[in-house]
Structure formats: C-alpha cells, structure tokens
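>>> here you go, sequence then predicted model.
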Amino acid sequence: MKRSIGKRASLLLSIWLLLFLLTVPARADGVWGLATQKLATRDGPGTTYNEKGTYNVAGQYIKVLSRAWDKRNNIWWVKCEIPYRNEIRVLWTGYKRFDSSTLPLESIPIDAQYPGGGKTQTAAPKSSSSAGLWGLAKQKLATRDGPGTTYNEKGTYNVAGQYIRVLSRAWDKRNSIWWVKCEIPYRNEIRVLWTGYKRFDSGTLPLESIPMEGETAPVTQPSASAGWSKAYQAFVQNRRYLSSDQVYYNTETTGWYEIAFALYDMDKNGIPELIISNGEDSMAGRTNHVYTCSGGNVLYLGEIGFRESALFYMPGSSFPGLFCRDGNMGSYETEYYFLSGLYLGKEEVLVEQYYSDSDPYTTLNTPILKRITGNQTLYQTSVSFPSGTANLTMYTRSQISSMGWNDFVSRMP
C-alpha cells in the first residue's frame, strides 16, 4: 500500500513538472514574456491594421521579437511568435498583455519595419555621422527657444516614439525641472529647440549623460586650498546668511526651530556644501538652503528638503547626494537631491502609500510602493537601503561656538 502511494506521488510530481516546463521557453534565444491574458492580434502595430484573431495563451511564455510605438493610441505593440496547432504565427499585440516583470520594455528591440506609424527614426543611430546623445521621446515635444517657461513658445512636434538627438541640458530654477536642447526633425530641416527632459524615456537618455549647456569639458572644481573652511566659518559666525536674498525665520530665538548648520559633500569633489535650515516653525515653510564655495566665495545653490523630516544620505551607495522622506495622510514621498557642477537638482523617487486606491480609509500595515523616478537603480537603492541610511546632523550657532569650528568640521560625514 505504501509503495502504491509512493508511485502515485511520483507520477503526480512528474506530471506537475511536465506542465511547468510547458509554460516556459524551451530555448534561451530571443526575448520571452509571460502572457497575462488572451492575445488579441493584428498584422501591424496599431488599430489601423487588420485583425488576425485572438489566441488563448494566457499563462504561457511567448517569444517576443520586437516592439513599435503606436502614435495614434500612445501605446507600445510587440511582435510575437504565437503557437497555433502545428505552426507558429508571427503577429502583433499590445505590450500591456504581458507581465512586464518577465518582459522589461527596454529588453525588446525596436522594430525596423514598423517605425510607429511613419517613416521616423525609432532606433538610436549607430553611424559616426550621427554622433552624440540620443533619447527616445515618449510624448509630443512642446518646445521653447530657451530652458524655461519665460522663453517664447516654438510649437509642439509629434515625434513620440522617435529617437531625438540631445545636445545639452539646463536647470530651470523657477519650475525646478531640467530642460534639454534638441535637434528636432521637421520636414526638410533640423530645428534646435528646448523641451522638458521629462518627455524622454530616461532609460535611453540618463540625465547624468547629458552635458550642461555651454560645457565643453568637465567642470573644474576648486581645490581645498581655496579655503572653503575659512569662508564658511566667516559666513556662519558673522551671520552673513541673513544679509543674503534667502529667507530665514526665528533669527534671534533659540529652541526647536532654531537655525541650524551642517557640512556635507554632495558631489564628492572634496569641497563640502554648507546646508542651513531656515528656522521656520511652520511645516509648510520649512526648508534648507544650500551653499557651496568657489575661489573662497560662498555661493548660493538652492533649497532642499521639505516639512520637518531630516535630510539623510546613503553611505556606500552610488548616490552621493542627500535624500528626504516625508508626507502626511498616509502617503510619504522620497526625494533625491544632487549636484552637477553648480546646478542643484532634485529627482522624485517614490511614494509609499499606506492605503489602497479602492479603500482610502483603511490603513495598511505594509505600504504600496509607487515608483516615480525613471532611474531603476535609484529606486532599488531607496527601497533596499533603509537600514544603511544616516541622518544628517545639524548644529546651531551656539552649539558650534561651544565645540569650536574645527570640531564642527571634523563631524562632517
């Protein structure tokens, strides 16, 4: 009896293994994705092409050959090899019908035959005559003749799904966003205009790869011999920050919201930045001003942080800047602040939501993580690195006076 039960268990296990193997690709060549639903197909990447039937392959791994952008509906289509009886049918279906964790969009090559509804460039050029940086536009490009909303509008160009050559970038302090200067094809000419960096697929165009406007070589940073320590010491002890254009509160009082100071090297160039909390006792107006030192002069860069949360850093990670996490009403946002030359940038990383979209009144024990950044490495670092983070300790003028300036400098992370 026991032997019969053992044989039956072995048989069931063998059947289970056989069924499992039938759901995964038998070959390692190509790109494979798990279909999450029936595949409605067409003979081209868009609803203007002929319908070619619906195939019930949900739960199966399907070989995917290429992708193309559908301008009409603003979605990605993928070309697949779909098994049907004793043949393989090569057809198009919507990318949304696949489990994206098994089939990352960037792993699928651009299709050369169907360039997303027109004769456009949907793959980054490889010829030497097309040197430079290229990024995939994911939407129409609204343009201006300079990097900001105060410049003249120069029209909107429908180049979604095309690779566009990008020349440089510039930071828009007014709106706290990056703009990029592009060569946009229009009829028989190339127009050099500015548009928002957010309109590009950051996976094809990493922000840090784009040179600053007017930059022909890496920015030369001042050496420590420029005397940053003495410059900052005079700036703090003589309260010169109060005579600057930045707003500070509670300048004559002490307590929980007293103005405080910290040193931290945000770009690891050997010269730390001076960070000063603004002393505001209202959460809505609380922020931190950032200064750097160049040639012995203290220069203002901008604001970082929000509400009452401390700034923190991630030692040992590939992100040398500072982070801030705060929120209310069951939702918390993480932001990352970085330096590139004298530009202070900000990137929204993720949102932790402690309620479901369908039930906003019930608090969840485990938050729903919503990725905002296009930088997968930054997102993964923020999610997996909480135990390695460290708060940036800030000190008041009275504390610095008690410990001495050299001691204050020595406590810099």
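Cool, got the structure. Residues are numbered from 1 along each chain as shown.
>>> neighbours around the nearest residue to P367 once chain neighbours are set aside, how many?
Spatially, and ignoring its direct neighbours in sequence, P367 is nearest to E352 (4.0 Å; C-beta to C-beta, 6 or more residues apart in numbering). The way it works is simple: take the backbone N, C-alpha and C, and place the C-beta from them, glycine included. Look at E352: counted by other C-beta atoms under 10 Å, it has 18 neighbours.
>>> tell me the contacts of E352?
By C-beta atoms under 8 Å, 6 or more residues apart in numbering, the residues touching E352 are 327, 331-334, 367-370.
>>> quick one: pLDDT of it?
You'll see E352 listed with a pLDDT of 82.
>>> tell me the phi and psi of it?
phi -100, psi 120 (degrees, to the nearest 10).
>>> ok, then the element right after the one helix or strand V298 maps to?
For V298, the element it lies in under DSSP states H and E is strand 297-304. Per DSSP H and E, the first helix or strand lying C-terminal to strand 297-304 is strand 311-313.
>>> immediately after that next one, which helix or strand?
Past strand 311-313, the next helix or strand by DSSP H and E is strand 322-328.
>>> any idea which helix or strand comes after that next one?
Next in line after strand 322-328, if elements are assigned by DSSP H and E, sits strand 331-340.
>>> ok, the nearest residue to K346 once chain neighbours are set aside - contacts?
Nearest residue to K346, sequence neighbours excluded (C-beta to C-beta, 6+ apart): Y337, at 5.4 Å. Listed by C-beta under 8 Å, 6+ apart, the contact partners of Y337 are 266, 290, 304-305, 321-324, 344-346.
>>> now do 6 Å
304, 321-322, 346 (C-beta atoms under 6 Å, 6 or more residues apart in numbering).
>>> could you do Q376 as well?
Going by C-beta under 6 Å, 6+ apart, the list of residues near Q376 is empty.
>>> what is the burial count for the nearest residue to P211 once chain neighbours are set aside?
Spatial nearest neighbour of P211, excluding adjacent residues (C-beta to C-beta, 6+ apart): S168 at 5.3 Å. Here the number of neighbours of S168 (other C-beta under 10 Å) works out to 17.
>>> hmm, back to that, who touches the strand holding V298?
Contacts of strand 297-304 (C-beta under 6 Å, 6+ apart): 231, 235, 287-288, 290-292, 337, 344.
>>> which residues touch the nearest residue in space to I190 that is not next to it in sequence?
Spatial nearest neighbour of I190, excluding adjacent residues (C-beta to C-beta, 6+ apart): E183 at 4.9 Å. E183 is in contact with 165, 190, 192, counting by C-beta under 6 Å, 6+ apart.
>>> so E183 bridges to which residues?
For E183, the beta-bridge partners are R165, V192 (DSSP bridges).
>>> what's the pLDDT at it?
E183 carries a pLDDT value of 87.
>>> can you check the one 3 residues further on too?
At Y186 the predicted local confidence, pLDDT, stands at 79.
>>> now it: closest residue in space that isn't a chain neighbour?
Spatial nearest neighbour of Y186, excluding adjacent residues (C-beta to C-beta, 6+ apart): Y157 at 6.5 Å.
>>> hmm, that neighbour is touching P185, no?
No - here Y157 does not reach P185: they are 8.4 Å apart, not a contact under C-beta atoms under 6 Å.
>>> ok, which stretches of the stretch 1-150 of the chain are strands?
Here the stretch 1-150 of the chain has its strands, by DSSP state E, counting those that start in this stretch, at 31-34, 39-42, 51-55, 61-70, 75-84, 87-94, 133-136, 141-144.
>>> nearest to G316, of those?
For the strands of the stretch 1-150 of the chain, the distance to G316 is smallest for strand 133-136, at 29.5 Å, taking C-beta to C-beta.
>>> give me the residues contacting that closest one.
Here strand 133-136 has contacts from 124, 163, 165-166, 200-201, 204-205, using C-beta under 6 Å, 6+ apart.
>>> direction included, what does that strand pair against?
strand 163-172 (antiparallel).
>>> what's the domain layout of this protein?
The record's domain parsing of the chain by automatic domain parsing lists 12-107, 128-209, 224-410.
>>> what stretches of the stretch 251-400 of the chain score poorly on pLDDT?
Along the stretch 251-400 of the chain, the model assigns pLDDT under 70 to residues 251-257, 279-285, 306-308, 327-330, 360-361, 385-389.
>>> ok so, going back, could you measure from the residue nearest to P367 over to S331?
According to C-beta to C-beta, to the nearest Å, E352 and S331 sit 7 Å apart.
>>> look up how far W92 lies from Y332.
41 Å.
>>> neighbour count winner among the two?
Using other C-beta under 10 Å, the more surrounded residue of Y332 and W92 is W92, with 25 against 16.
>>> test my guess that the more buried one contacts C80.
No - between W92 and C80 there is no contact under C-beta under 6 Å: 7.4 Å.
>>> show the contacting residues for W92.
W92 sits in contact with 42, 44-45, 77, 79, where contact means C-beta under 6 Å, 6+ apart.
>>> now restrict these to buried residues only.
42, 44-45, 77, 79 (16 or more other C-beta atoms under 10 Å).
>>> and those, which is closest to R397?
Comparing the buried ones among the contacts of W92 against R397 with C-beta to C-beta places W77 closest, at 61.6 Å.
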